[in-house]
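In: build the 3D model from these lines:
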Amino acid sequence: MAAYAALLSLKYTIERIQLHPRPPISFDQNQVLSLTDNLNFLQEFLEVYSCGGGSSSREAADVLESLIADAAHAAEDIIETRIVDQIHGEKMSSGELYQVLEKVIQDMGFIKKDVMEIKEKNIGIIEDRLHINSSTRGGSSSSPLTTKQIAVVGLDDQLIEVMDKLTGQQSNLRLIPIVGMGGIGKTTLAINAYTNPLITEQFDIRSWVTISQTYNVREILVEILLCGSKDESREILSGMSEGELGERVHKSLWGRRYLIVMDDIWSVEVWDKVQLFFPDNGQGSRVMITTRLSNIVFQLIGSHGLVMDLLDVDTSWDLLFGSIFEKEEDCPVELEEIGKKIAKNCKGLPLSIVVIGGLLAKSNPTRENWEYISENLNSIVNLEDNERCLKVLLLSYHHLPVHLKPCFLYMGVFPEDSKIHVSRLVKQWVSEGFLKPIRGKSLEVVSREYLEDLCDRNLIRIHQRGTNGGIKFCTIHDLVRELCLREAEKEKFLYVRRQHDLNSPQGIINTQRRICIHHSTTQKKYLPEALHALQSVPLARSLFFKFEGVLPSLDHYRLLRVLRAADTYLNFDGQNIHCMYTLEDVFQLVNSRYLAVEDFRDENPCKFPSSVYLLWNLQTLIVESLVGVVVAPSEIWKMTQLRHVQFSSGLEMPDPPLGGQDGEFVLGNLQTLSLILNFKCGEEVVKRIPNINKLQIFYRGEEIDEGYLSSYYCLNNLAHLGKLESFTCYFDSWSKPNRNDMLQNFSIPNSIKKLTLGGTHLKWEDMKRKIGWLPNLEVLKLEYNSFVGAEWETVEGQFCNLRFFLISMCTDLEWWTTDSNHFPRLEQLELLRLNKLKEIPSCIGEIPTLGSIVLNYCSQSAVISAKEIRVEQKDLGNVGLRVRVFPEDKQHS
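Out: This next block holds a predicted model:
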């Protein structure tokens, strides 16, 4: 929600100023205390009373939240405008700042007074938005027997699994959870199992109750009794207390085999309150639940339950076809191709497919009609059947705790069908300033925890986990993204300009704070309109775009904090012209926190200006480049707010200035440095990056004589970087290090979890001295000539926590001798271009945690040994081990 994000953002801005060693402006401390008091009060109010309603009180809440957001934004505008003016030499007296800020504080005070009155009178909004008033508000409960059933298309395997669990031989009471995102078919699956003739014969009593977000325990118990027996009377049951009803349920179920379905559970508490009334009497009874929340399932049974996934393309077409036509011959041949396209574009969500199927069934079966629906799918789905899809998904949004709502709405920034790089997402969330901090944790850790929470709620999908087990890429379904965009625009949290917005009034975009313009397939028509829309956006704090050719001038964005500009080539009169912002351009944005740009200039090396230190609050600097080294000025050591610095083609860091006051040149917030050329890790450098977490260094272009690593590059000091967890070190062919020097002075700290080496030219027997004993090492990547020699024999007691192991282009290796207990926790093994390797030790397959072996361009004998491992393990019952061979091997599994 925009109001909550605005409050946190203002608090974060004030905190950054207060903690800055050289604050750009100063506050009256009494004003700060007063402002902070108001912010904390309003934040607490929104946290307690944040839940969507549907009545007039919901409208009143929207008005109140809008007032809160406007007040917080006004204060932030005043503060940041003053900062930018001050840095650019435009002076304002402290008295003027005090006066304009005082007016905003008074406005917040009035809002606070209104909120206090609302709380005291306990009127409208409270009842409508309170989470826990379950005694007076119950969810609807109904039997599915009267529900129109949808054919079980694509659910055959899941239905068999559910039926097996329902009819299994276990005599004890079992809980069977079905979990998945809204609209994926959980209730449909449960209905088809519940009404199956085998199930009706298997159980003496069957009851179905729908829980929903707000529930009433008494109503749940009443529904169980009414559904289980025709002799019960709602009138009589309604007069009983919760305890009396619970006792009656327990008595009616005792000694009988029963099935209870609890559909649409949103909290563990409801299960805790009713489970004591379900006797475990050894009759083979079952309780089946459906939920969107994976974390609930894990709390209940300690595992993931039956997880429903999106349908594949073929099954989507089968479901769409069945929703439109009764018989195969009913479908005109000319509609099949466009029909399959529509099914594919529903992205596997059954609810979306069924809604579109219902529309197509009612419309004229012409190609023109179907093509129109295909081109406008998302907007049609959300409007069709009284916005059925949108309402289903909105339940998940309204159930989010308020601190997750800004994170969710922000997902609309990413283009449709994006594979979202979590590392980028985390950095942007942090820079936006709307994260609620958790004491003792960095904002990056908090971000990842919030993302996991959103994934557990099945609003965001995990696309790929990294080698360390964390989420590396995530995705969001098109309809869920559409929900993000609708709610974000409604709350003025984010504005994503799309093609159908081309004729929208300019005033709509003028007041936006986060603006996103994606690449369009109708670029020639779209580009001028989009550029024109960006000419007057004085309040913009975040800008994301991808243009071909012309880029918007940054002169219009004095207050900008987040800029991500990705550009491409524009063909003009047969020539490719590459447009981009220079580093000098973006460094004019003195209020920046996050800058991600491309720089493809021929100048090499390229220096960026010493005025960069004027970017008083820059946290993330990402420069993508194909060629060219960038040389940083010494003033970079003054940029104490830096958290992440990434230069794809290399950054040369100067020595830190000598002297200075305590902490003046310490980059205490810095977590990432990549890719640093010829890095000198002297004592002064180590002192100034005490919290570095990820470091990538590359030595090139000069010979490294014996002793050079310690005397000049001082790599022995790496051991003092006690918080370093990810370390990459490459040497090019000209900079081959001396082995004795490496053994004596290449010191890797015990904190390392992920290690990548290339060109180090160590011998395999050195592994036990330098790497094997690292206690926290989880990911090890040995790349080109990091280790040399024909034979490697491992020893027991090392690599105790290693989960991912890559050996790439260590072309000398022929024989690898090891034992399964030498890699006790290994999950993935990847081998690349090991042309001389005779075989993979067969004992590798005996590692109990090993899930996959991947070979890329390895020797034929190594491939054969990998396949033998797969066959041997399969014969032993280990069907989970996957062996993949590339170039593609049709026999791999």
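
In: please count neighbours and contacts with C-alpha atoms only from this point.
Out: Fine.

In: relative to whichever strand or helix holds Leu543, what are the paired strands and their orientations?
Out: According to DSSP states H and E, Leu543 maps onto strand 542-548. Paired with strand 542-548 in the same sheet, following DSSP bridges, are strand 514-517 (parallel), strand 562-572 (parallel).

In: wait, Trp266 touches Ser294, no?
Out: No: if you go by C-alpha atoms under 8 Å, Trp266 and Ser294 don't touch, sitting 10.1 Å apart.

In: for Gln646, helix, strand, or coil?
Out: strand (DSSP: H, G, I helix; E, B strand; the rest coil).

In: quick one: it and Gln619, what's the gap?
Out: Separation of Gln646 from Gln619 (C-alpha to C-alpha, to the nearest Å) stands at 11 Å.

In: strands along the stretch 301-450 of the chain, start to end?
Out: Assigned by DSSP state E, counting those that start in this stretch, the strands in the stretch 301-450 of the chain fall at 306-307, 420-421.

In: stretch 743-759: end-to-end distance?
Out: Across stretch 743-759, the terminal residues are separated by 14 Å (C-alpha to C-alpha).

In: same thing with stretch 724-739?
Out: Terminal-residue distance, stretch 724-739 (C-alpha to C-alpha): 24 Å.

In: now do the buried residues in that stretch.
Out: For stretch 724-739, a neighbour-count test (16 or more other C-alpha atoms under 10 Å) marks 724-732, 735-739 as buried.

In: which of these fall within strands?
Out: Per DSSP state E, strands hold the following members of these: Ser726, Phe727, Thr728, Cys729, Tyr730, Phe731.

In: need the residues you listed in a markdown table with distance to Arg461, can you?
Out: Formatted as a markdown table, these follow (distance: C-alpha to C-alpha, whole Å):
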| residue | distance to Arg461 |
| --- | --- |
| Ser726 | 26 |
| Phe727 | 29 |
| Thr728 | 29 |
| Cys729 | 33 |
| Tyr730 | 34 |
| Phe731 | 38 |
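
In: dump the residues you listed into a markdown table; add pLDDT and distance to Pro332 as well.
Out: Converted to a markdown table, these look like this (pLDDT from 0 to 100; distance: C-alpha to C-alpha, whole Å):
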| residue | pLDDT | distance to Pro332 |
| --- | --- | --- |
| Ser726 | 97 | 58 |
| Phe727 | 97 | 60 |
| Thr728 | 97 | 59 |
| Cys729 | 95 | 62 |
| Tyr730 | 94 | 61 |
| Phe731 | 92 | 64 |
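
In: who's more crowded, Gln646 and Gln619?
Out: Legend: neighbour count by other C-alpha atoms under 10 Å for Gln646 and Gln619, higher for Gln619 (25 against 20).

In: what sits against that one?
Out: Applying C-alpha atoms under 8 Å, 6 or more residues apart in numbering, we find Gln619 in contact with Ser431, Arg593, Tyr594, Gln641, Leu642, Arg643, His644.

In: just the buried ones among those residues, please.
Out: Taking 16+ other C-alpha under 10 Å as the criterion, what is buried in these is Ser431, Arg593, Tyr594, Gln641, Leu642, Arg643, His644.

In: restricted to strands, list the residues you listed.
Out: Members of these lying in strands (criterion: DSSP E): Tyr594, His644.

In: wait, which of the buried ones among the contacts of Gln619 is closest to Val84?
Out: Val84 lies nearest to Arg593 out of these, by C-alpha to C-alpha, at 13.2 Å.

In: surely that closest one meets Leu618?
Out: Yes: under the criterion of C-alpha under 8 Å, Arg593 makes contact with Leu618 at 4.0 Å.

In: tally of neighbours for Asn345?
Out: Asn345 has 19 neighbours, counted by other C-alpha under 10 Å.

In: also Thr817?
Out: Counted with other C-alpha under 10 Å, Thr817 comes out at 14.

In: my guess is it contacts Trp792. True?
Out: Yes: look at Thr817 against Trp792 with C-alpha under 8 Å: they come within range, at 6.2 Å.

In: re the thing from before, what would the buried residues of stretch 724-739 look like in a markdown table with distance to Ser786?
Out: Shown next, in a markdown table, are the buried residues of stretch 724-739 (distance: C-alpha to C-alpha, whole Å):
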| residue | distance to Ser786 |
| --- | --- |
| Leu724 | 20 |
| Glu725 | 19 |
| Ser726 | 17 |
| Phe727 | 14 |
| Thr728 | 11 |
| Cys729 | 10 |
| Tyr730 | 8 |
| Phe731 | 9 |
| Asp732 | 11 |
| Ser735 | 13 |
| Lys736 | 10 |
| Pro737 | 11 |
| Asn738 | 12 |
| Arg739 | 11 |
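
In: list just the nearest of those to Leu777.
Out: Closest to Leu777 out of these is Glu725 (8.7 Å), distances taken as C-alpha to C-alpha.

In: residue ranges with poor pLDDT in the stretch 51-200 of the chain?
Out: 51-58, 92, 121-152 (pLDDT under 70).

In: can you map out the helices along it?
Out: With helices called from DSSP state H, counting those that start in this stretch, the stretch 51-200 of the chain shows them at 56-87, 94-121, 125-129, 156-167, 186-194, 197-202.

In: can I get those helices in JSON lines including distance to Asp456 and mean neighbour count?
Out: Listed next are these as JSON lines, based on distance: least, C-alpha to C-alpha, whole Å; neighbours: other C-alpha atoms under 10 Å:
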{"stretch": "helix 56-87", "distance to Asp456": "27", "mean neighbour count": "18"}
{"stretch": "helix 94-121", "distance to Asp456": "33", "mean neighbour count": "15"}
{"stretch": "helix 125-129", "distance to Asp456": "23", "mean neighbour count": "19"}
{"stretch": "helix 156-167", "distance to Asp456": "20", "mean neighbour count": "16"}
{"stretch": "helix 186-194", "distance to Asp456": "16", "mean neighbour count": "22"}
{"stretch": "helix 197-202", "distance to Asp456": "30", "mean neighbour count": "13"}
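
In: now render those as JSON lines, adding distance to Phe886.
Out: Listed next are those as JSON lines, based on distance: least, C-alpha to C-alpha, whole Å:
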{"stretch": "helix 56-87", "distance to Phe886": "54"}
{"stretch": "helix 94-121", "distance to Phe886": "63"}
{"stretch": "helix 125-129", "distance to Phe886": "56"}
{"stretch": "helix 156-167", "distance to Phe886": "31"}
{"stretch": "helix 186-194", "distance to Phe886": "38"}
{"stretch": "helix 197-202", "distance to Phe886": "47"}
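
In: relative to Val612, which of those helices is closest?
Out: Comparing these under C-alpha to C-alpha, the one sitting nearest is helix 56-87, at 11.8 Å.
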